[in-house]
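*Asks:* give me a 3D structure for the following:
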Amino acid sequence: MVYYFESDVVQPPVVLFMGVDKHENEDLIKWGWPEDVWFHVDKFSSAHVYLRLAPGQSIDDVPSSVLDDAAQLVKANSIEGNKVNDIDVVYTMWANLKKTPGMEVGQVGFHKEKEVRKIHVPKRINTIVNRLNKTKRSETPNLRALREQRDRNEREDKKKLQRELREKEKAEKKQREEEAEIKSYSALFSHSKMTANTEAGYDSDDFM
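*Replies:* The predicted model follows:
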């Protein structure tokens with residue numbers, strides 16, 4: 001089961017989501033999307049919260065208000081982290097998550113530490129947590145099927161783009177050829193390259 005929360009600090013609102021337990025977190029790690037930003041309390045166990053970016057967006061495009069919502073949601077869903085002040089929340093892109101065979105269920109590392117960012121959270125802000133909890137809903141999505149459909153859509157989009165590029169190149173080539181042909185005819189029949197009969201030594205009076 002996956003919990004979904006709506007953050008309306010931006011318009012249109014964005015959705016934050018997390019697994020109900022460590023086993024669901026494992027599936028979210030396995031079947032995450034390249035567009036997903038992952039959040040977790042640093043040095044404490046906590047829920048794994050995700051934000052799915054729109055295509056073309058990067059982690060730098062996430063507004064600070066959305067980061068605050070995600071950080072508060074992660075802290076509120078950490079048994080130990082929720083009890084103390086002055087914690088850090090780490091976040092990075094899903095593609096930077098590293099899962100090795102020896103790790104426990106729900107545990108992850110990072111491919112590149114330098115791509116991991118931190119948000120300092122001085123304390124829990126109940127107004128934020130309560131606002132998000134009011135939007136909470138649960139679903140049981142087929143995470144694998146959703147990821148596979150996402151990949152199929154991406155492949156189809158790439159094929160479509162390639163077709164459009166080939167058609168554009170073909171049209172541009174045809175246009176260049178037509179323009180070159182018109183130019184050659186224009187040069188052939190231009191006044192400067194045409195020769196009058198009298199210039200060639202012919203006079204109409206020479207003919208009977």
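
*Asks:* for stretch 4-15, which positions count as buried?
*Replies:* Buried positions in stretch 4-15, judged by neighbour count with 16 or more other CB atoms under 10 Å: 5-7, 9, 14. Glycine gets a C-beta too; all of them are placed from N, C-alpha and C.

*Asks:* which among those residues gets closest to Ile29?
*Replies:* Phe5 (19.1 Å; CB to CB).

*Asks:* quick one: which two of the buried residues of stretch 4-15 are the most distant?
*Replies:* Using CB to CB, the two most remote members of the buried residues of stretch 4-15 are Phe5 and Val9, lying 11.8 Å apart.

*Asks:* mind listing the helices for the protein?
*Replies:* Assigned helices in the chain, in chain order: 22-30, 64-76, 126-133, 143-188 (criterion: DSSP state H).

*Asks:* out of the ones you listed, flag the one nearest Ile119.
*Replies:* Comparing the helices of the chain under CB to CB, the one sitting nearest is helix 64-76, at 4.6 Å.

*Asks:* give me the residues contacting that closest one.
*Replies:* Contact with helix 64-76 is made by 5, 7, 9-10, 14, 16, 18, 37, 39-41, 46-47, 49, 51, 81-82, 87, 89, 91, 119, 121, 124-125, 128-129, 132, as judged by CB atoms under 8 Å, 6 or more residues apart in numbering.

*Asks:* let's see it at 6 Å
*Replies:* Residues outside helix 64-76 that contact it (CB atoms under 6 Å, 6 or more residues apart in numbering) are 7, 9, 14, 16, 39, 41, 46, 49, 51, 81-82, 89, 119, 121, 124-125, 128-129, 132.

*Asks:* quick check, central residue of this structure?
*Replies:* The centre of the chain sits closest to Pro55, judged by CA atoms, centre = their mean, with a distance of 3.0 Å.

*Asks:* distance of the spatially closest residue to that one that is not a sequence neighbour relative to Arg150?
*Replies:* Of all residues not flanking Pro55 in the chain, Glu35 sits nearest, at 6.7 Å (CB to CB, 6 or more residues apart in numbering). Per CB to CB, to the nearest Å, Glu35 is found 9 Å from Arg150.

*Asks:* out of these two, which sits in the busier spot?
*Replies:* Shown here are Glu35 and Arg150; by other CB atoms under 10 Å, Glu35 has more neighbours (18 against 14).

*Asks:* dump the residue contacts of the nearest residue to Leu97 once chain neighbours are set aside.
*Replies:* Once flanking residues are discounted, Leu97 sits nearest to Val108: 4.8 Å by CB to CB, 6+ apart. Applying CB under 6 Å, 6+ apart, one finds that Val108 lies in contact with 29, 97, 99.

*Asks:* quickly note the distance from Val108 to Thr140.
*Replies:* Distance from Val108 to Thr140, counting by CB to CB: 22 Å.

*Asks:* for Met1, same thing?
*Replies:* According to CB to CB, Met1 and Thr140 sit 5 Å apart.
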